[in-house]
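Engineer: no FASTA, just this:
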């Protein structure tokens, strides 16, 4: 599979698709998700999932971003079907977000009338602008700069209006900016038996793991040993994340293609 640019999205289309994953990345790495999340997204594509990764630029108006990425996603689906690149008349759609991408999927599921088979929310956080963007601390007292909706307003929207019943929440044990526990309380109050929470080894950057290349020379040195160990650790965390997502997407699947 090769990445294709379709209606402002980056898309992977497997030969026999079984479902669609709409991916939204973190605030400062979302402008090129095909470059910043290739390992994870291509792993999903290799298992039969159509991946539609929608780039976005972070602004203070998160409702506007959510509306824009939803429109781009729906335009991509229309284009895929019109050109017969996507032949199946119906495939289940899952949302998947990392960091700020989680907030956008929560807003999409709370504000807009959509149908989703479920959402995968990785490393959720919902900080105020002054906490998320350090320079805002210097501006905010004068201009009252804040995200729309604010963290408190976002929590209320989710609590009152979030429509997506089935959700996988993933947090990493080394992530010190994660707010998954707060989100878990909100979602379990709304859908008590439909929320799965997994804590995995890793940190906030784990989903960004790349294909680490460490060529070994003719003589295996101590530096090569360290490099191979680092590579193994990176892949161990990424593979555990991949397995967790795939098992939740299809609980009946026991064996995954490499």
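Structural biologist: Looks like it came in fine. All values reported here derive from a predicted model rather than from experimental measurement.
Engineer: can you give me the helices in the chain?
Structural biologist: Using DSSP state H, the helices of the chain run over residues 33-36, 38-46, 62-82, 100-111, 129-132, 136-143, 151-161, 180-190, 222-249.
Engineer: of those, which approaches residue 202 most closely?
Structural biologist: helix 222-249 (4.2 Å; Cβ to Cβ). (C-beta placed from N, C-alpha, C; glycine too.)
Engineer: pLDDT of that closest one, averaged?
Structural biologist: Mean pLDDT, helix 222-249: 74.
Engineer: Please apply the same query to stretch 70-88.
Structural biologist: 93.
Engineer: which parts of that stretch are buried?
Structural biologist: Neighbour-count burial for stretch 70-88, with 16 or more other Cβ atoms under 10 Å as criterion, is recorded at 70, 72, 73, 76, 77, 80, 86.
Engineer: ranking the helices of the chain by burial, who's on top?
Structural biologist: Counting by mean count of other Cβ atoms under 10 Å, helix 100-111 has the highest mean neighbour count of these, with a mean of 25.
Engineer: Just name whatever secondary elements that one is in contact with.
Structural biologist: Identification of packing neighbours for helix 100-111 by 3 or more Cβ pairs under 8 Å, 6 or more residues apart in numbering; DSSP states H and E yields strand 19-24, helix 62-82, strand 93-98, strand 118-122, helix 151-161.
Engineer: If we use 6 Å, what do you get?
Structural biologist: With contacts defined as 3 or more Cβ pairs under 6 Å, 6 or more residues apart in numbering; DSSP states H and E, helix 100-111 has these neighbours: helix 62-82, helix 151-161.
Engineer: what does the model give residue 187 for pLDDT?
Structural biologist: Residue 187 carries a pLDDT value of 98.
Engineer: ah, wrong one, I meant residue 139
Structural biologist: 48.
Engineer: Residue 146 now?
Structural biologist: 84.
Engineer: And for the one 4 residues further on?
Structural biologist: The per-residue pLDDT reported for residue 150 equals 94.
Engineer: quick one: contacts for it?
Structural biologist: Under the criterion of Cβ atoms under 6 Å, 6 or more residues apart in numbering, the contact list for residue 150 is empty.
Engineer: cool, residue 1 as well?
Structural biologist: 12, 45.
Engineer: For residue 22, see how far away it is.
Structural biologist: 17 Å (Cβ to Cβ, to the nearest Å).
Engineer: try residue 73
Structural biologist: From residue 73 to residue 22 the distance is 5 Å (Cβ to Cβ).
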